[in-house]
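In: This is a predicted model, with the sequence first.
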Amino acid sequence: MLQVLPRLVTGGVERGTIDVALALKAAGWVPLVASHGGPMVRELERAGVEHLTLPLHSKNPMVITRNIGRLQALIRERGVDIVHARSRAPAWSAFAAARRAGARFVTTFHGTYNLGPLPFKKSYNAIMTRGERVIAISRFIASHLTENYEIDPDRIRIIPRGIDLTRYDPGAVSANRVISLAKAWRLADGMPVVMLPGRLTRWKGQEVLIEALSRLGRHDLRCLLVGADQGRVKYRGELERMVRRLDMGDVIHIVDHCPDMAAAYMLSDVVVSASTDPEAFGRVSVEAQAMGRPVIASDHGGSRETVIHGLTGWLVPPNDPDSLARAIDDVLTLGPRERTALAERQIRHVHAQFSKETMCERTLGVYEEILRP
């Protein structure tokens, strides 16, 4: 079983790839992963899963063409039965290689992808619909597929992403981990914390949250924008200038990437997902609910499937600072009993729907389905 993706650096695509590879190994398969590499390769190596380094990150047509031959040889040498493509550039190479080598081909549609004004963009994306089975990570993505591409709905399998519930478990996070993080971020005792986790990119909605907090007008709380700029220094600069212009420097802090998000969630009184574009799934909302933290998310895309409004969290209109400010104010007024009841509902919801075990079991079921005579 060969999974192909551009890199193993960070993100939901990469995490899902590793989770499935480990599940395959536990089930007696021989999992292989091919990518351009990255720090997450170590996780595969520690588990005894072989990683093969190929330039699958490249969108250069010549490199993509050469990758066909590389993957074709790999499929034949290793006796690969199924190739699972998780991103567009490697999918173009993997589709041709699998067809030439006689392997089966599966894809996962992880996002809406930009359709763009030019027709070639949609054609480029369409390779992700060529799998014998096409896994959609939410009902929202499945609808996007049938509305925008020529695909037989019978080939689509909806498998939401899953999270590691042993990692995102309130009982598994020690007080020392939380205290250490609070000290690193210089958080005062008793100060309410509003957190927006997510890489610093415009569509994640950091500007919307900053504006919402400015309109809320409270300086007795702290807001943490947790995420790396990944080279988007211009956008980071825009956020910093916006904070200064609104005189919110004592409230809002950009704290870069956090390797211990479970502890970070435990520090939070409110977790916000303010995405201005629809989330394909919305991992942050699921992780925060697993930790029993109040969640406010934009009312579109996959968030409508991960957050049950009024029961496990709050959904607000996207790109609406006033609505977001009111929701934050409502959450901060919750009493201890209300918070406890909310956390219990959230944790039950996530355990029932979004465990990595369920995701892996259903993904392996897709593989077994296409191998049946």
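Out: It's in. Numbering: from 1, shown residues only.
In: Just give the number of residues close to the nearest residue to Asp19 once chain neighbours are set aside.
Out: Spatial nearest neighbour of Asp19, chain neighbours left out: Lys356 (4.8 Å); criterion: CB to CB, 6 or more residues apart in numbering. To be clear about C-beta, it is placed using only N, CA and C from the backbone, and glycine gets the same treatment. Using other CB atoms under 10 Å, the number of residues around Lys356 comes to 21.
In: doesn't Arg167 make contact with Lys356?
Out: No. Lys356 is not in contact with Arg167 according to CB atoms under 8 Å; the separation is 9.4 Å.
In: just checking, Leu209 touches Val272?
Out: Yes. The pair Leu209 / Val272 is scored as a contact, 5.6 Å apart, by CB under 8 Å.
In: what about those two, which has more around it?
Out: Using other CB under 10 Å as the criterion, Leu209 and Val272 rank with Val272 on top: 33 against 25.
In: I'd like the distance between that one and Gly48.
Out: 39 Å (CB to CB, to the nearest Å).
In: residue ranges of the strands in the stretch 51-200 of the chain, please?
Out: Using DSSP state E, counting those that start in this stretch, the strands found in the stretch 51-200 of the chain span residues 82-85, 104-109, 133-136, 156-158, 193-197.
In: Of all these, which one is nearest Asn148?
Out: strand 104-109 (10.7 Å; CB to CB).
In: Does anything pack onto that closest one? Which helices or strands?
Out: Contacting strand 104-109 under the criterion 3 or more CB pairs under 8 Å, 6 or more residues apart in numbering; DSSP states H and E are the following elements: strand 82-85, helix 88-101, strand 133-136, helix 139-148, helix 356-371.
In: Return the most buried member of these.
Out: For the helices and strands packed on strand 104-109, the largest average neighbour count (mean count of other CB atoms under 10 Å) is found in strand 82-85, namely a mean of 27.
In: so what strands line up beside it?
Out: The strands beside strand 82-85 in its sheet (DSSP bridges) come out as strand 2-4 (parallel), strand 104-109 (parallel).
In: now the angle between strand 104-109 and the following helix or strand past the shortest one, please.
Out: I take that to be strand 2-4. Counting by DSSP states H and E, the next helix or strand C-terminal to strand 2-4 is helix 12-26. Helix 12-26 and strand 104-109 are oriented at 140 degrees to each other (axes from the mean of the first three to the mean of the last three CA atoms, to 10 degrees).
In: did I read that right, Leu225 in a strand?
Out: Yes. Under DSSP: H, G, I helix; E, B strand; the rest coil, Leu225 sits within a strand.
In: does it have beta-bridge partners, and which?
Out: Leu196, Ile254.
In: Could you count how many residues lie near it?
Out: 23.
In: now it: how far from Glu357?
Out: 32 Å.
In: So what are the structural domains in the chain, by residue number?
Out: Listed domain ranges for the chain are 2-162+355-371, 170-353 (source: automatic domain parsing).
In: where exactly do the strands run in the stretch 251-373 of the chain?
Out: Under DSSP E, counting those that start in this stretch, the stretch 251-373 of the chain gives strands at 252-254, 270-273, 295-298, 314-316.
In: The ones you listed into a markdown table, with extra columns for mean pLDDT and distance to Arg104?
Out: Formatted as a markdown table, the strands of the stretch 251-373 of the chain follow (pLDDT from 0 to 100; distance: least, CB to CB, whole Å):
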| stretch | mean pLDDT | distance to Arg104 |
| --- | --- | --- |
| strand 252-254 | 95 | 45 |
| strand 270-273 | 98 | 36 |
| strand 295-298 | 98 | 36 |
| strand 314-316 | 98 | 39 |
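In: To Val194, which of these lies closest?
Out: strand 270-273 (4.7 Å).
In: I would like the residues contacting the closest one, please.
Out: With contacts defined as CB atoms under 8 Å, 6 or more residues apart in numbering, strand 270-273 is touched by 192-198, 205, 209, 265, 279, 282, 284-285, 288, 293-298, 303, 324, 328, 331-332.
In: Neighbouring strands - and their directions - for it?
Out: Partners of strand 270-273, by DSSP bridges, with direction: strand 193-197 (parallel), strand 295-298 (parallel).
In: Give the buried residues for the longest one.
Out: Buried residues in strand 193-197, defined by neighbour count with 16 or more other CB atoms under 10 Å: 193-197.
In: avg pLDDT for it?
Out: On average, the pLDDT along strand 193-197 is 97.
In: Check which element follows it along the chain.
Out: Counting by DSSP H and E, what follows strand 193-197 is helix 206-216.
In: Give me the distance from that next one to the chain's centre.
Out: 23 Å (CA atoms, centre = their mean, to the nearest Å).
In: by how many degrees do that helix and strand 193-197 diverge?
Out: Interaxial angle of helix 206-216 relative to strand 193-197 (the same axes, to 10 degrees): 160 degrees.
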